[in-house]
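In: need a 3D model of the following:
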Amino acid sequence: MTNKNYFFPALLAGLFIMLVILTIPGGYFYGSYTDWLSQHVRLAETIRGACLEQGTLVPAFLPLGGGSNGYQFSYYGYLRPDILIGCLFPFVPMVYFLIGYMLAGYFCSVMLCYCWLLKHTQDKGSAFLGSLFFLTAACFFQTHRQIMFVNYMPFLMLALLCIKKKRFQFLPLCMLLIYLNSFYYSIACLAVIGWYWMREEGTEFWKHGLLRYLKSAFLSIGMAALLLIPTALVILEHKRASENLNLMEKLGANADMHGLLYSPYGMGLTAICLYLLLLGLCHKKYRTESIMLLFVSFCGAAAWILNGTLYARAKILIPFVPLVVLQCAKLLNELRMEKITWKLWPCLIAASCLFFFRSKNTFPWIAADLGILLLVVLVSKIKVKEPLLKYRYVTSRVLLCFMPCMLFYQTMQKEQFVKKEDVFTDNSVLDSSPVYGGSPLYRYDTLTDVLNTGNLAVNGRQQKSAMYSSISNEGYSDFYYDTLLSPVQINNRLAILPSSNPFLLNFLGVRYLETFQDQVPAGYQIVKAAGTEKNTAGKSLPVLAENENVLPVAYTTSSLMSQSQYEKLNKYDRLDAITRYTIVPGNDTADQPADAAESNMKIYEPSFEDLQLPDTIQAEKTDEGWLLNVKKETTAALKLSQSLKEQILLLDFEVENQGQHAVVIDINHMRNKLSGPGAPYPNGNNTFHYQFTSPSQEGLHTLTITFSKGKYLIKHINWHTYDVQNLAEKQYTEVEEQAPRSGEILSCRASLDEDGFFVTSIPVQRGMEILVDGKNVPILTLNQAFAGVHLTRGVHEISVRFHAPGQLAGFIITTGSFLIYLLYALRAPRLALLGMLKTKKELVLYCLSGGVTTFVNYLIYYALLKISVGYLAANTLAWGGAVITAYLLNRRLVFHSQKQILQEFSSFVCLRFLTLLVENALLWLTAGALGIPPLPSKIIVSVITILWNYVLCKYKIFQKEEMNHG
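Out: Next comes the predicted model:
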């Protein structure tokens, strides 16, 4: 390849590096506080930890959200390559793998795009321009925010290249990698691949290509069944209602152009791309593609269908970026060769987008983009002399490159990048604490950074009440917010975030709580504090607090209330009832507690000292309540006339937003939020709930309130009090914890003096099993959302297990599909296969015998691990069985040796013994030192030892004696 061939790829690489470097401020990571840190980074760590602890690449159960089906989080990285690589290096933080994986994928996508466009246009300049439009598409803003919006892109580009180069045997593998990175975009990617294949082959596609496309698609889906089937089942189990769209929203036009232009939540291309798509309408050769791409970009029906009819959001159109830039590169090449001419009318249509982007901060840059486009079109229509044509061409192309780069840079400036110190949380208060290796009968949560640490599990045994995923258990979520009256803290109610709600902490068994020193809830005692009292920001440093009196995750009780009686109560009396009793299915019975009707929840009428509101808050008394007009975020103190000791103060009021901003009211570090009118996922939090306690002997005497900017009405204000000691009123018996076996969430022994119930605070979900004395018994839904069973008096051995629905079926289908794919991908013409067997017969036979030997080795190894034999002992015994198998096969089938058996076998065993020593040493390094589970460790070690064994057998043991011809 000449230097000229290197120029444009090198220029693209240089632009990529420059834009990335300019994007990231010093001391920050290539990632956002919005979703990237709270979901992608934290869940990557949690998923990797679960993989290593459970010894599987697809954990069925994760200790988040009170205990959840692991496939509720599969969207965030199950079987994704960066997490699989991270499992091999467990001591390297996942954030480095995540950033490296995204940047590498982004860079490879750009380079692959250039290669692909070059094959179509045969012109380096046009391929470069198309690749530049691809590189600077605003959708790649998501490489540091919602990574699954774009992390499939290199594999989509590979799939398109496979079609162009007719390497169809690799297509199922590319499709598989698309699903593993982002199954949400699988339908859109399959549509892109199908459309491109059809346009590439023309009428031949309907004769042969369609069947080949369907085979590849179904085979790739089968290969991904281990991910897709359990995920589909958990989505159906916790299915969210689709948006209530009218017919015009579903089928009408997206006149705002956000699907194609400028938006990081669409394709994010610039005006030149719209211009070229419109220009393509004038020419028959390009008309069909332009019509299709314009239809997809501006018709709501396309986004609605590709989103599975849930909503019509433009983010699903991102996979169409390669097709748009391909059309643009082709048309630019035609303009270069003067087969078509520049026209003015598309500029007028493109200029209409100014109206829709007039309120954006980048509006001046968008106007400049359209201005430069118009300038290029006008200059290109001017007739110039021959010597000036080249200069005009180069100048116009440089101008077309300038604005996409500038707009991309301006888009990246909107991001709030993560500080490095915020990624690596200070775990000093957890070191040597009971949280590590703690009991599964209690939970741990943190209040120091509820959003960014909610998905970070300390270990696989210590469950957390919090979770933040696009798929959540609706019953658990409703209990969390509607029964326990916990505050909704962010725009998205799907996020189940921890709070200092004492009813929540007690009911869900949050024994260990990481919080700030001046925010420790009542009932908790500091067990470990930081070395200094204040940090540089002036905040209290984190402490670890413990409350030994919270309910355990599992217990037995006969203190019951029926569901029908419970439903007759108001929300505050329900909160009292579920704190004191266990709610069981059924109608009222004679066994109801005598004092069930007597609620401990008391209505309270507070009195306050005179309150002087700051000038930034204008308060107006209305018939409904108080209308607040807050000019900027303001904090005020509300002092109670009489402090409350050993009591919980409960407050709720309704909020009616009369402005354009979200409403946030923070009281004593407890935050409630009502999302703004334009929020994509409105939380509907129209009633704010608060619960306040004070651990000090002085009691609760001040409410420190922070009001967000905006105009809103506060009405229907209610106050209640509840004695803290009532939290411990529930009558129950603790269970005796036992060491859990494989597949068990919890193992315990329960003793009952009378018939009662085994109660857990683990949410009910499909796939859960409870075995009592070895027998699977029907699970009951207790306390609105949690699993439990009825028990008779006596001593019982109880095992709580979980199997992800569809996981076994997915494993079988995946295994079968991979075998089919190997046959499909490795098939060869008969003559070539025979030729290979003749020339490489010894190697082929060795591989076959090696496969049998490996199977024997792994079978013995796996069986011994299952009966709890140590991994080194299991490997040694498996080696013995494999050696005997290997010797017999190699002697008879591969090398046809005629040496004496005893001498040869001794030599074989001795040399293989060296292999055993090496293998055991490597196993100790991977499984013992690095902490990789025994089975994956053996797979890694086997790659090395198979090559070692072949060399030993070939050159040391089964050497063929030279014939002496005299």
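
In: per-domain residue ranges of this structure.
Out: Domain assignment of the chain by automatic domain parsing yields the ranges 3-24+31-151+240-417, 152-239, 551-558+731-827, 561-600, 617-728, 840-957.

In: distance between the ends of the fifth one?
Out: Domain 617-728 has an end-to-end distance of 41 Å (C-alpha to C-alpha, to the nearest Å).

In: wait, what's in contact with residue 813?
Out: With contacts defined as C-beta atoms under 8 Å, 6 or more residues apart in numbering, residue 813 is in contact with 222, 225, 226, 229. Bear in mind the C-beta positions are built from the backbone N, C-alpha and C, glycine included.

In: weed out the non-buried ones from those residues.
Out: Among the contacts of residue 813, those classed as buried by 16 or more other C-beta atoms under 10 Å are 222, 225, 226, 229.

In: which one of those is nearest to residue 130?
Out: The closest of the buried ones among the contacts of residue 813 to residue 130 turns out to be residue 222 (C-beta to C-beta; 34.2 Å).

In: looking at the domains of the chain, which is closest to residue 487?
Out: For residue 487, the closest of the domains of the chain is domain 617-728, at 4.5 Å, according to C-beta to C-beta.

In: which residues of the stretch 451-600 of the chain fall in helices?
Out: Using DSSP state H, counting those that start in this stretch, the helices of the stretch 451-600 of the chain run over residues 474-478, 502-507, 563-567, 571-580.

In: kindly format the C-alpha coordinates of the second one as CSV.
Out: Once non-C-alpha atoms are left out, helix 502-507 reads as follows in CSV (Å, rounded to 0.1, in the frame of the first residue of the first chain):
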residue,chain,number,x,y,z
PRO,A,502,-36.9,4.1,59.0
PHE,A,503,-39.8,1.9,58.0
LEU,A,504,-37.9,0.8,54.9
LEU,A,505,-34.6,0.2,56.7
ASN,A,506,-36.4,-1.9,59.3
PHE,A,507,-38.6,-4.0,57.1
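
In: which stretches of the stretch 801-950 of the chain have low pLDDT?
Out: 826-849, 890-905, 907-908, 911, 925-926, 928-932, 943-950 (pLDDT under 70).

In: nope, the stretch 201-350 of the chain is what I meant
Out: Applying pLDDT under 70 to the stretch 201-350 of the chain picks out residues 240-256, 310.

In: need the helices for it, in chain order.
Out: Applying DSSP H, counting those that start in this stretch to the stretch 201-350 of the chain gives helices spanning 204, 210-223, 225-237, 247-251, 271-280, 284-298, 300-306, 321-336, 345-351.

In: same check on the stretch 1-150 of the chain?
Out: Taking DSSP H, counting those that start in this stretch, the helices of the stretch 1-150 of the chain run over residues 3-23, 42-54, 81-88, 94-121, 124-135.

In: most packed of the ones you listed?
Out: A comparison of the helices of the stretch 1-150 of the chain by mean neighbour count, using mean count of other C-beta atoms under 10 Å, puts helix 124-135 on top with a mean of 24.

In: circling back to that earlier point, in JSON lines: the buried ones among the contacts of residue 813, plus distance to residue 365.
Out: Rendered in JSON lines, the data for the buried ones among the contacts of residue 813 read as follows (distance: C-beta to C-beta, whole Å):
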{"residue": "222", "distance to residue 365": "47"}
{"residue": "225", "distance to residue 365": "46"}
{"residue": "226", "distance to residue 365": "46"}
{"residue": "229", "distance to residue 365": "46"}
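
In: out of these, who's nearest residue 778?
Out: Of the buried ones among the contacts of residue 813, the one sitting nearest to residue 778 (C-beta to C-beta) turns out to be residue 229, at 25.4 Å.

In: what about residue 466? Give its phi and psi, please.
Out: Main-chain dihedrals, residue 466, degrees, to the nearest 10: phi -90, psi 160.

In: show me what contacts it?
Out: Contacts here follow C-beta under 8 Å, 6+ apart; on that basis residue 466 touches 64, 65, 445, 450, 454, 455, 496, 497, 498.

In: swap in residue 119?
Out: Going by C-beta under 8 Å, 6+ apart, residue 119 touches 161, 164, 165.

In: possible to save these as TSV with secondary structure, neighbour count and distance to residue 714?
Out: Shown next, in TSV, are those (DSSP: H, G, I helix; E, B strand; the rest coil; neighbours: other C-beta atoms under 10 Å; distance: C-beta to C-beta, whole Å):
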residue	secondary structure	neighbour count	distance to residue 714
161	helix	18	59
164	helix	15	62
165	coil	12	65
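
In: look at residue 495 and report its pLDDT.
Out: Listed pLDDT for residue 495 reads 89.

In: what's the local residue count around it?
Out: When neighbours are counted by other C-beta atoms under 10 Å, residue 495 registers 23.

In: show me how to select, in ChimeraX, the buried members of the contacts of residue 466.
Out: The following ChimeraX line selects those of the contacts of residue 466 that are buried, judged by 16+ other C-beta under 10 Å:
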select :64,65,445,450,454,455,496,497,498
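
In: pLDDT added to the contacts of residue 119, as CSV?
Out: CSV is the format used below for these (pLDDT from 0 to 100):
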residue, pLDDT
161, 95
164, 93
165, 91
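
In: show me what counts as buried in stretch 569-587.
Out: For stretch 569-587, by 16+ other C-beta under 10 Å, it's 569, 572-584.

In: that one: how far from the chain's middle?
Out: Distance of stretch 569-587 from its chain centroid, counting by C-alpha atoms, centre = their mean, to the nearest Å, is 35 Å.

In: mean confidence score for it?
Out: Across stretch 569-587, pLDDT averages out at 92.

In: again, but for stretch 54-68
Out: The average pLDDT for stretch 54-68 rounds to 89.

In: quick one: end-to-end distance for it.
Out: Stretch 54-68 has an end-to-end distance of 15 Å (C-alpha to C-alpha).

In: of all the domains of the chain, which lies closest to residue 475?
Out: Closest to residue 475 of the domains of the chain, according to C-beta to C-beta: domain 551-558+731-827, at 3.9 Å.

In: ok now that closest one, how far from the chain's centre?
Out: 25 Å.

In: returning to that earlier point: and of the helices of the stretch 201-350 of the chain, who's closest to residue 505?
Out: Residue 505 lies closest, by C-beta to C-beta, to one member of those: helix 225-237, at 27.7 Å.

In: neighbours around residue 378, how many?
Out: Counted with other C-beta under 10 Å, residues neighbouring residue 378 total 12.

In: contact partners for it?
Out: Contacts of residue 378 by C-beta under 8 Å, 6+ apart are residue 344.

In: isn't there a helix covering it?
Out: Yes: counting by DSSP: H, G, I helix; E, B strand; the rest coil, residue 378 is located in a helix.

In: now it: how far from residue 343?
Out: 11 Å (C-beta to C-beta, to the nearest Å).

In: kindly export stretch 105-119 (C-alpha atoms) in CSV.
Out: In CSV, the C-alpha atoms belonging to stretch 105-119 read as follows (Å, rounded to 0.1, in the frame of the first residue of the first chain):
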residue,chain,number,x,y,z
GLY,A,105,-15.2,0.1,19.2
TYR,A,106,-15.8,3.7,18.1
PHE,A,107,-12.4,3.9,16.4
CYS,A,108,-12.8,0.5,14.6
SER,A,109,-16.3,1.5,13.5
VAL,A,110,-14.9,4.6,11.8
MET,A,111,-12.1,2.7,10.1
LEU,A,112,-14.4,-0.1,9.0
CYS,A,113,-16.8,2.6,7.6
TYR,A,114,-14.0,4.0,5.5
CYS,A,115,-13.1,0.6,4.1
TRP,A,116,-16.7,-0.1,3.3
LEU,A,117,-17.4,3.2,1.7
LEU,A,118,-14.2,2.9,-0.4
LYS,A,119,-15.4,-0.4,-1.8
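
In: model confidence over that stretch, on average?
Out: Computed over stretch 105-119, the mean pLDDT rounds to 94.

In: go on, stretch 628-642?
Out: Mean pLDDT, stretch 628-642: 90.

In: now that stretch, how far from the centre of its chain.
Out: Remark: stretch 628-642 is offset 39 Å from the chain centroid, using C-alpha atoms, centre = their mean.

In: what's near enough to touch the nearest residue to residue 92 once chain neighbours are set aside?
Out: Leaving out its chain neighbours, the residue that sits closest to residue 92 by C-beta to C-beta, 6 or more residues apart in numbering is residue 86, at 7.0 Å. By C-beta under 8 Å, 6+ apart, the residues touching residue 86 are 44, 48, 92, 94, 97.
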